[in-house]
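# pasting the sequence and the predicted coordinates here, then a few questions.
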Amino acid sequence: MHNAFLDFGENPTQKQFRSFKVKNTRPSVEAIINEVLRLHPPIQRIARNSRHPLWKRPFYPAQEIADIGTVHRSCVYGTRLETFDAMRFHPQHENPADIQLFAFGLGRLSCVAEDWAPMATALIIAKVMDRVDDVGFVLVPGKAIDAGMDRNTRIGWDGWVVRKKEKGRFFEAPPDISIG
């Protein structure tokens, strides 16, 4: 996977983003990003206004909520649902026609970033990997702070810090690299 990102960083094209590596035995950068989005969608639940006719609205809730995290762990995505397996997005996967990501929503109300965010994320990852290649960095969890945020807001990264590994010791990275 490391080489797939480095190759993509050198040639950031749609073809490079989508091509599976080593005679289709290694995942494409797109498949890796999709698997990350499947396991860790940017938001766990999406709420939408109900689209019922006016006369039915008193009988239905005003909003419908889709639990994206649960949908992405359904049997449609194959087996070993809690395991990272980017090859599940290979065209010859056991259910390739059924696999669709809902990380950006669906239909006319889907996120505007759906078309460009995965490729932009991959390019950022590729460039970071290129810069820190052969340098040991570690993402270290800090104390979790619950500020009573909305249930759709992720607070799991608050307080985490990027540290550089140096000769068996860690020292804290500059404050602008810390998260939260």
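Here it is on my side, so go on.
# what's in contact with stretch 122-131?
With contacts defined as C-beta atoms under 8 Å, 6 or more residues apart in numbering, stretch 122-131 is touched by 2, 5-6, 8-9, 12, 17, 29-30, 32-33. All C-beta spots, glycine's among them, are computed from the backbone N, C-alpha and C.
# rerun at 10 Å
Residues outside stretch 122-131 that contact it (C-beta atoms under 10 Å, 6 or more residues apart in numbering) are 1-12, 16-17, 28-30, 32-33, 36, 137.
# which SS class is the residue of the chain positioned farthest from its centre?
Centroid-distance maximum for the chain: residue 55 at 39.6 Å, with C-alpha atoms, centre = their mean. Secondary structure state of residue 55, per DSSP: H, G, I helix; E, B strand; the rest coil, is helix.
# what pLDDT is listed against it?
On pLDDT, residue 55 comes in at 83.
# got it, and residue 119?
So, for residue 119, pLDDT stands at 92.
# isn't it right up against residue 15?
No. Judged on C-beta atoms under 10 Å, residue 119 makes no contact with residue 15 at a distance of 11.6 Å.
# compare the two (neighbour count), which wins?
Taking neighbours as other C-beta atoms under 10 Å, residue 119 and residue 15 compare with residue 119 leading, 19 against 8.
# buried stuff in the helix or strand hosting the more buried one?
Taking DSSP states H and E as the definition, one finds residue 119 inside helix 117-132. Going by neighbour count (16 or more other C-beta atoms under 10 Å), the buried part of helix 117-132 is 117-119, 122-123, 125-126, 129.
# how close does the closest residue to residue 2 other than its chain neighbours get to residue 31?
Nearest non-adjacent residue to residue 2, counting by C-beta to C-beta, 6 or more residues apart in numbering: residue 129, 6.8 Å away. Distance from residue 129 to residue 31, counting by C-beta to C-beta, to the nearest Å: 17 Å.
# again with residue 91
Note on residue 91: its distance to residue 31, by C-beta to C-beta, is 10 Å.
# now for the two: what residues contact both?
residue 20.
# who has more neighbours out of the two?
residue 31 (25 against 10).
# any idea which element that one lies in?
Assigned by DSSP H and E, residue 31 belongs to helix 29-39.
# can I get that helix in CSV, CA atoms only?
The C-alpha coordinates for helix 29-39 follow below in CSV (Å, rounded to 0.1, in the frame of the first residue of the first chain):
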residue,chain,number,x,y,z
VAL,A,29,-5.2,3.9,-3.8
GLU,A,30,-9.0,4.4,-4.5
ALA,A,31,-9.7,1.0,-2.9
ILE,A,32,-7.6,1.8,0.2
ILE,A,33,-9.4,5.2,0.6
ASN,A,34,-12.8,3.5,0.1
GLU,A,35,-12.0,0.9,2.7
VAL,A,36,-11.0,3.6,5.2
LEU,A,37,-14.3,5.4,4.5
ARG,A,38,-16.2,2.2,4.9
LEU,A,39,-14.6,1.5,8.3
